[in-house]
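Enquirer: Here is a sequence together with a model predicted from it:
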Amino acid sequence: MLLRPATGLRGVYWLELAGEEDAFAAREAAVAATGVELLAPGVARAGSVGGGGDVGDREGPVRRLAYTRAAHEAIARTDADIDAAAAVLDAAPLDRSGTVAVRARNVRNTADVSTSAAERELGGVLVDRGFDVDLDDPDHVLRALFTAGERDDHDAVPGADGGEASVCALGWVAVEAARDFAPKPTDRPFFQPGSMAPADARAYVNLAGAAPGRTLLDPMCGTGGLPLEAGLVGSNAVACDAQAKMVRGTRENLRKYVGGGDGGDADSPDWHVARGDATALPLRDDAVDGVAFDAPYGRQSKIARHELADLVGGALAEAARVAPRAVMVADRDWRREARAAGWAVDAVFERRVHRSLTRHVLVLDRA
C-alpha cells in the first residue's frame, strides 16, 4: 500500500477538478475554499468550502467555479484500488441515514480500475452497513474518485510538486458547480473572432474576486466576455473599450444574458459600459473590488492611440489605482510591467489555447 489510509476526516472536502490544468483549477478553487492542496490528477483537498453559510446554497462560491466539478464531504482516502477503497469505507464513520447511491469515476482513465466494479463493491459495503440503495433518487450520493499519475508542478499551488500519486478519495456529494456560463461566443448576439471561451472568462473573473455584492472592472472589454461572466455570478460590472462597436456589442450581450444594467431590472446585477481609455479611467481611487482584462494581442487587435507596451503599462497602472486585485490575460509575459505599475505578482499561469496561442495569466495583488 502506497498511501496510509485516512478515515473520519471531519471538516475536509475533496474537490473534483475539471479541465486538464490542475494547478490552475486548484488556484481558482481557492477563492471558494480554504486550504486547497492538490492531491492527485483531478483531485484536491480543502479544509472548508463555500465561505461559510449553507454549502448547498445555489449561489454559493463553489457553484460559481469554472474548473471545479463538485465538492464532496470527505469520508476516507486510500490508494487507487477497489479493495483498499472497500476496506476504508467499511472502517469509516458514516454520519448519514436514508438511501444511497455510489458514483465512481476513473479520473482521466489514469487508474487501473473498473468504475462499475467499484460501484458494486462499495455499494455492497454500504448495504452491509444498513443502507438501502436507490439509484434513481438517493438521499445521499457517495462519490469515489480513483486517480493516479503525476501531479502538476507549480510553485504557487500547495501540493503541486510534480510528485507521483495514487489516490481513491471517498466522499458524500456536497455541492456541484452550476456551470451556468454564458453561451459560447458564436451563439451570442454580438461576436468577434478571437473571443474567449466562457469557462475561461468565468475562471478569470473568479480569480479577480467576482461575487455577489462586489464590483468588477474590465477596462478593455472587447465583446464583453469577462463582464458577462462577472454579471452571471452576481457581480456589478463596469466595462469600457476604445472602440464604439465593442461598447455597443458588450451592452447587447449583457442585456441578453444578465439583464438589468443602465437603469434596467433592479433585481439583476448592475452594469455600466462606456467608451473609454484604459490608461485614463474615469473612476475614483479604489472604485472597484477587482479588475480582469484580456490585453490586446498585438497584430490581431486594433489599438487606439497607444503603442502596445504603453497601453498595457498604463492600463496596469490605472488598474492598481482603482482596485486592490487584478487578473491580466495576454499573449506574452507582462510581469515586469505589472511590477513597475505597482503590482505584486501572486501567481502566473501559461495556458495553451492552440498551436499559435498560449495565454499568460497574471494574478496580481496591489503591492
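Expert: Okay, I see it. Residues are numbered from 1 along each chain as shown.

Enquirer: List the contacts of the residue located most distally from the centre of the chain.
Expert: Most distant residue from the mean C-alpha position of the chain: Asp128, 38.1 Å away (C-alpha atoms, centre = their mean). Contacts for Asp128 were tallied using C-beta atoms under 8 Å, 6 or more residues apart in numbering; they are Asp90. Where you see a C-beta, it was placed from the backbone N, CA and C, and this is true even at glycine.

Enquirer: likewise the one 3 residues further on?
Expert: Residues in contact with Phe131, defined by C-beta under 8 Å, 6+ apart, are Arg96, Gly98, Thr99, Val100.

Enquirer: Need the max-distance pair from those residues.
Expert: Using C-beta to C-beta, these span at most 9.8 Å, a distance reached by Arg96 and Thr99.

Enquirer: Low-confidence stretches in the stretch 1-150 of the chain?
Expert: Along the stretch 1-150 of the chain, segments meeting pLDDT under 70 span 1-8, 51-59.

Enquirer: same thing but 90
Expert: Residue ranges of the stretch 1-150 of the chain with pLDDT under 90: 1-11, 48-60, 95.

Enquirer: can you pull out the helices in it?
Expert: 22-29, 82-91, 115-128 (DSSP state H, counting those that start in this stretch).

Enquirer: Likewise for the stretch 201-350 of the chain?
Expert: Under DSSP H, counting those that start in this stretch, the stretch 201-350 of the chain gives helices at 225-232, 244-257, 308-322, 335-340.

Enquirer: which residues touch the first one?
Expert: Here helix 225-232 makes contact (C-beta under 8 Å, 6+ apart) with 180-182, 185, 195-196, 198, 201-202, 204-205, 210, 216, 218, 221, 237-239, 250, 253-254, 257-258, 260-261, 268-269, 271, 273, 292-294.

Enquirer: quick revisit: which one of the helices of the stretch 1-150 of the chain is the most hemmed in?
Expert: Looking across the helices of the stretch 1-150 of the chain with neighbours counted as mean count of other C-beta atoms under 10 Å, the highest average goes to helix 22-29: a mean of 26.

Enquirer: any idea how far Arg63 is from Leu142?
Expert: Going from Arg63 to Leu142 by C-beta to C-beta, to the nearest Å gives 21 Å.

Enquirer: Equivalent analysis for Asn206, please.
Expert: As for Asn206, its distance to Leu142 is 28 Å (criterion: C-beta to C-beta).

Enquirer: how is this protein carved up into domains?
Expert: Domain assignment of the chain by automatic domain parsing yields the ranges 6-176, 185-366.

Enquirer: if we can go back for a sec, who has more neighbours out of Asn206 and Leu142?
Expert: More crowded of Asn206 and Leu142, by other C-beta atoms under 10 Å: Asn206, with 29 against 25.

Enquirer: doesn't Leu65 make contact with the more buried one?
Expert: Yes: in this structure Asn206 lies within contact range of Leu65 using C-beta atoms under 8 Å: 6.4 Å.

Enquirer: quick one: low-confidence ranges for the stretch 201-350 of the chain?
Expert: In the stretch 201-350 of the chain (pLDDT under 90), the answer is 260-269, 296-308.

Enquirer: how does it look with 80?
Expert: 260-268, 298-306 (pLDDT under 80).

Enquirer: Just the strands from it, written as ranges.
Expert: For the stretch 201-350 of the chain, the strands defined by DSSP state E, counting those that start in this stretch cover 215-218, 236-241, 271-275, 290-294, 325-330, 343-354.

Enquirer: Of the ones you listed, which is nearest Leu135?
Expert: Closest approach to Leu135 among the strands of the stretch 201-350 of the chain (C-beta to C-beta): strand 343-354, 37.9 Å.

Enquirer: Apart from its neighbours in sequence, what residue is nearest Ala178?
Expert: Arg63 (4.4 Å; C-beta to C-beta, 6 or more residues apart in numbering).

Enquirer: OK, contacts around the one you found?
Expert: Per C-beta under 8 Å, 6+ apart, neighbours of Arg63: Asp57, Val175, Glu176, Ala177, Ala178.

Enquirer: Check what pLDDT the last one gets.
Expert: It refers to Ala178. At Ala178, the predicted lDDT confidence score is 95.

Enquirer: Which secondary structure state is assigned to it?
Expert: Three-state call for Ala178 (DSSP: H, G, I helix; E, B strand; the rest coil): coil.

Enquirer: Now for it, how many residues are close by?
Expert: Other residues within reach of Ala178, judged by other C-beta under 10 Å, total 15.

Enquirer: Same question for the second one.
Expert: Per other C-beta under 10 Å, the neighbour tally for Val175 reads 24.

Enquirer: Whichever strand or helix holds it pairs with which strands, and in what direction?
Expert: According to DSSP states H and E, Val175 maps onto strand 164-176. Here strand 164-176 is paired, per DSSP bridges, with strand 68-78 (antiparallel), strand 140-150 (antiparallel).

Enquirer: CA atoms only: put that strand into PDB for me.
Expert: C-alpha atoms of strand 164-176 as PDB (Å, rounded to 0.1, in the frame of the first residue of the first chain):
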ATOM      1  CA  GLU A 164       3.500  10.700  -8.100                       C
ATOM      2  CA  ALA A 165       0.100   9.900  -6.600                       C
ATOM      3  CA  SER A 166      -2.300   7.000  -6.400                       C
ATOM      4  CA  VAL A 167      -5.500   8.000  -4.600                       C
ATOM      5  CA  CYS A 168      -9.000   6.900  -4.100                       C
ATOM      6  CA  ALA A 169     -11.000   9.700  -2.400                       C
ATOM      7  CA  LEU A 170     -14.400   8.800  -1.000                       C
ATOM      8  CA  GLY A 171     -16.900  11.400   0.000                       C
ATOM      9  CA  TRP A 172     -20.600  12.400   0.100                       C
ATOM     10  CA  VAL A 173     -21.500  14.800  -2.700                       C
ATOM     11  CA  ALA A 174     -22.000  18.200  -1.000                       C
ATOM     12  CA  VAL A 175     -22.300  20.700  -3.800                       C
ATOM     13  CA  GLU A 176     -21.900  20.600  -7.600                       C
END
